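**Q** predicted coordinates and the sequence they were generated for:
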Amino acid sequence: MLRWIELNTQREDLIIIVGDFNTLPFSATYNHVIDNGYVSAYYTHNSCEPLKTFHNKMEAPHKDTDDDGTFDYILYKYPFLIHLKN
């Protein structure tokens, strides 16, 4: 995925990736994305990832029954962005 994004964007483009990555914070997959210059929006604002983004315990006929965890991310990459803290 990252390779395709890099081939189809300009260096100065703001790139935002959002979704369910099915991976925990600081896993090999998460670290690969971060090591390629992407930043977690939640981590930037809170200095940590959330404790969980799944499961809100909603009842639904075909709900996922996996354990709670942080699997969903908003990641961005922008070479000219200055990171500001509150």
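**A** Looks like it came in fine. Numbering: from 1, shown residues only.
**Q** going forward, measure contacts and count neighbours with C-alpha atoms only.
**A** Fine.
**Q** could you pull out the strands for this protein?
**A** Assigned by DSSP state E, the strands in the chain fall at 15-20, 39-40, 72-77.
**Q** what's the helix or strand bottoming out on mean pLDDT in the chain packed up against?
**A** Least confident element among the helices and strands of the chain, by mean pLDDT, DSSP states H and E: helix 2-7 (a mean of 88). Other helices and strands packing on helix 2-7, by 3 or more CA pairs under 8 Å, 6 or more residues apart in numbering; DSSP states H and E, are absent; none qualifies.
**Q** what's next to that helix, contact-wise?
**A** Helix 2-7 is contacted from outside by Val33, using CA atoms under 8 Å, 6 or more residues apart in numbering.
**Q** how about the contacts made by the residue most central in space within the chain?
**A** When CA atoms, centre = their mean is applied to the chain, the residue found nearest the centroid is Tyr73 (2.8 Å). By CA under 8 Å, 6+ apart, the contact list for Tyr73 reads 17-21, 40-42.
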